[in-house]
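S.K.: Predicted model and sequence follow; I will ask about them next.
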Amino acid sequence: MTAPVTLQVTPVAFMVQFVLPKGFTAASAPEPLDARVRLRDVAPAEVAVVRYSGLSSESNDDTHLA
């Protein structure tokens with residue numbers, strides 16, 4: 001698995017996003033073996049990152065948000 005990874009909950013499923021290393025684009029990345037995997041380029045943005053040592057919980061999230 002690559003890092004970082006993001007997770008979004010949608011009404012019907014989870015969406016997991018893997019961030020490719022610098023220099024890769026959707027066109028230059030290896031072709032996914034699973035048809036459910038789609039590659040797309042995302043515009044650069046400034047984000048914050050928190051490293052977790054396990055599963056996320058509401059209390060852990062609140063601690064990091066504070």
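M.R.: Noted; the coordinates are in hand.

S.K.: Packing partners of the helix or strand of the chain with the lowest mean pLDDT?
M.R.: Least confident helix or strand, the chain: helix 58-65 with a mean of 82, by mean pLDDT, DSSP states H and E. Judged by 3 or more C-beta pairs under 8 Å, 6 or more residues apart in numbering; DSSP states H and E, helix 58-65 has no packing partners among the helices and strands. Every residue, glycine included, has its C-beta placed from N, CA and C.

S.K.: how far does that helix sit from the chain's center?
M.R.: In terms of C-alpha atoms, centre = their mean, to the nearest Å, the centre of helix 58-65 is set 19 Å apart from its chain centre.

S.K.: same thing with stretch 31-38?
M.R.: In terms of C-alpha atoms, centre = their mean, the centre of stretch 31-38 is found 16 Å from the chain centre.

S.K.: State the mean pLDDT of it.
M.R.: For stretch 31-38, mean pLDDT rounds to 91.

S.K.: Over to stretch 17-24?
M.R.: The average pLDDT for stretch 17-24 rounds to 86.

S.K.: Pro30 and Val37, how far apart?
M.R.: 10 Å (C-beta to C-beta, to the nearest Å).

S.K.: right, I mislabeled it, should have said Val19
M.R.: For Val19, the distance to Val37 - C-beta to C-beta - is 14 Å.

S.K.: Cool, thanks, signing off.
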